[in-house]
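Novice: sequence unknown, structure follows:
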């Protein structure tokens, strides 16, 4: 059957190839970029008003953030190192979100993945690339089991995944503290309980020519793989259908239960890998420093990127720069450590409020063009 011009048939259905149709498609796509960007700027403006109420200069604050996060080559290396775990923890939120799930307990998977890596280094002698891969495998398996349990409870028992994942995060942190202060504790770690320090052969080195560990490359590769999974595979297509309408997906015979458990487990595996990287590349052992809040910052990264794995990469770098600048801002402006958390909270609230704008702005709604 021949379709009337200007329509063409593609695997996505009918496509309007007229100039108006092309502009309409570009408008729909630009909406997903323009609204989060506007929400980010509005959140930063709101935080600037908060600084004024404290008697501090927003201009000075953001100038210091730029200088410490992006102003020099050293700043960029520090920012990229901070962004590495954010790439992976954001995927722990973004992958289940494609099924309509809000999983916010990645912090538990991070700390338990780090403990798993530290335990492997303690109990199994070895080193080198193969040993590092084995640590990564155990860490990812631990994270997958931890967050996959949330998906299991959600589908088979109807437990709210947001509350369940948050409670699992608290349990995971408590379990980590128990293990590093008890069965896995290094007797020589007096002031700060931790596992035995990793040997140089068990550590992850830096990228060639950069003072940034290999965790950044792992995170970028993970984001690309997650995008291919969601956008170019039948599993990703089935997940998007289930996320839009679970009942319709079940009528079509899609394995909704396996999708929920599988995507939550995969997200947990990425968060567990982030914990392993923190142990093998940053801390050198599993200790309380693993609970650094990367799992919670990853929530903001995922929502700001609208759960697009490729968009997570630049957003994680931006938020990594904010994290890297925190110390300099504290010293220069005499602000408490929680100031950056206030900024993140304000931005997150504005992003959630901006969800109501999708489909309502005339600039991004082609149907309203024709109506006028």
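Specialist: Ah, there it is. Since this is a predicted model, take the numbers as computed values, not measurements.

Novice: quick one: mean pLDDT for stretch 301-315?
Specialist: Averaging pLDDT along stretch 301-315 yields 94.

Novice: same thing with stretch 96-112?
Specialist: Stretch 96-112 shows an average pLDDT of 95 in the prediction.

Novice: now it: buried residues?
Specialist: 96-99, 101-112 (16 or more other C-beta atoms under 10 Å). Heads up, the C-betas are built off the backbone N, CA and C, glycines and all.

Novice: who's in contact with the one residue sitting closest to the centre of the chain?
Specialist: Using C-alpha atoms, centre = their mean, the residue of the chain that lies closest to the mean C-alpha position is residue 90, 0.8 Å off. Counting by C-beta atoms under 8 Å, 6 or more residues apart in numbering, residue 90 touches 298, 299, 301, 302, 305, 312, 315, 316.

Novice: thinking again about what came up before, closest to residue 33 among the buried residues of stretch 96-112?
Specialist: residue 97 (17.7 Å; C-beta to C-beta).

Novice: distance of the closest one from residue 243?
Specialist: 8 Å (C-beta to C-beta, to the nearest Å).

Novice: picking up where we left off before, state the pLDDT value of the residue nearest to the centre of the chain.
Specialist: We note a pLDDT of 97 for residue 90 in this prediction.

Novice: equivalent analysis for residue 26, please.
Specialist: 65.

Novice: one step back: top of the contacts of residue 90 by neighbour count?
Specialist: Taking other C-beta atoms under 10 Å as the neighbour criterion, residue 316 ranks highest of the contacts of residue 90 with 33 neighbours.

Novice: re the thing from before, look up how far residue 84 lies from the residue nearest to the centre of the chain.
Specialist: 11 Å.

Novice: got it, and residue 303?
Specialist: For residue 303, the distance to residue 84 equals 19 Å [C-beta to C-beta].

Novice: about what we covered before: what helix or strand is the residue nearest to the centre of the chain on?
Specialist: Per DSSP states H and E, residue 90 falls inside helix 73-97.

Novice: packing partners for the helix or strand immediately after that helix in the chain?
Specialist: Counting by DSSP H and E, the next helix or strand C-terminal to helix 73-97 is helix 106-123. If you count contacts as 3 or more C-beta pairs under 8 Å, 6 or more residues apart in numbering; DSSP states H and E, helix 106-123 packs onto helix 73-97, helix 129-157, helix 161-181, helix 256-277, helix 294-304.

Novice: can you tell me which of the ones you listed is most buried?
Specialist: By mean neighbour count, with neighbours taken as mean count of other C-beta atoms under 10 Å, helix 256-277 ranks first of the helices and strands packed on helix 106-123 at a mean of 28.

Novice: tell me where the stretch 251-372 of the chain is predicted with low confidence.
Specialist: 362-372 (pLDDT under 70).

Novice: how about the stretch 51-200 of the chain?
Specialist: Scanning the stretch 51-200 of the chain with the threshold set as pLDDT under 70 gives no residue ranges.

Novice: ok, the buried residues of stretch 96-112 vs residue 78, which is closest?
Specialist: Nearest to residue 78 among the buried residues of stretch 96-112: residue 110, at 19.7 Å, using C-beta to C-beta.

Novice: leaving out the residues flanking it, which one is nearest to the closest one?
Specialist: residue 275 (4.1 Å; C-beta to C-beta, 6 or more residues apart in numbering).

Novice: for that neighbour, what are its contacts?
Specialist: Residue 275 neighbours (C-beta under 8 Å, 6+ apart): 109, 110, 111, 112, 113, 114, 115, 116, 117, 139, 143, 290.

Novice: list the contacts for the third one?
Specialist: Which is residue 111. Listed by C-beta under 8 Å, 6+ apart, the contact set of residue 111 reads 172, 173, 176, 275, 290, 291.

Novice: next: the last one.
Specialist: By C-beta under 8 Å, 6+ apart, the residues touching residue 290 are 110, 111, 114, 115, 176, 275, 278, 279, 283.

Novice: ok, back up a step: now the helices and strands packed on helix 106-123 as JSON lines including distance to residue 56?
Specialist: As requested, these are exported to JSON lines (distance: least, C-beta to C-beta, whole Å):
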{"stretch": "helix 73-97", "distance to residue 56": "21"}
{"stretch": "helix 129-157", "distance to residue 56": "39"}
{"stretch": "helix 161-181", "distance to residue 56": "32"}
{"stretch": "helix 256-277", "distance to residue 56": "33"}
{"stretch": "helix 294-304", "distance to residue 56": "22"}
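
Novice: of these, give the one that comes closest to residue 209.
Specialist: helix 73-97 (10.7 Å).

Novice: could you check the angle helix 106-123 makes with that closest one?
Specialist: Interaxial angle of helix 73-97 relative to helix 106-123 (axes from the mean of the first three to the mean of the last three C-alpha atoms, to 10 degrees): 110 degrees.

Novice: how far does helix 73-97 sit from the chain's center?
Specialist: On the basis of C-alpha atoms, centre = their mean, to the nearest Å, helix 73-97 sits 7 Å off its chain's mean C-alpha point.

Novice: quick one, it and helix 294-304 angle?
Specialist: Using the same axes, to 10 degrees: helix 73-97 against helix 294-304 is 70 degrees.

Novice: and the angle from helix 73-97 to helix 256-277?
Specialist: Comparing the axes of helix 73-97 and helix 256-277 via the same axes, to 10 degrees yields an angle of 160 degrees.

Novice: can you give me the angle helix 73-97 makes with helix 129-157?
Specialist: 40 degrees.

Novice: and the contacts of residue 290 as CSV, adding distance to residue 68?
Specialist: Supplementary listing: those in CSV, determined by distance: C-beta to C-beta, whole Å:
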residue, distance to residue 68
110, 24
111, 27
114, 26
115, 31
176, 30
275, 26
278, 21
279, 25
283, 22
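
Novice: nearest spatial neighbour of residue 91, chain-adjacent residues omitted?
Specialist: Leaving aside its sequence neighbours, residue 91 sits nearest to residue 270 (C-beta to C-beta, 6+ apart; 4.4 Å).
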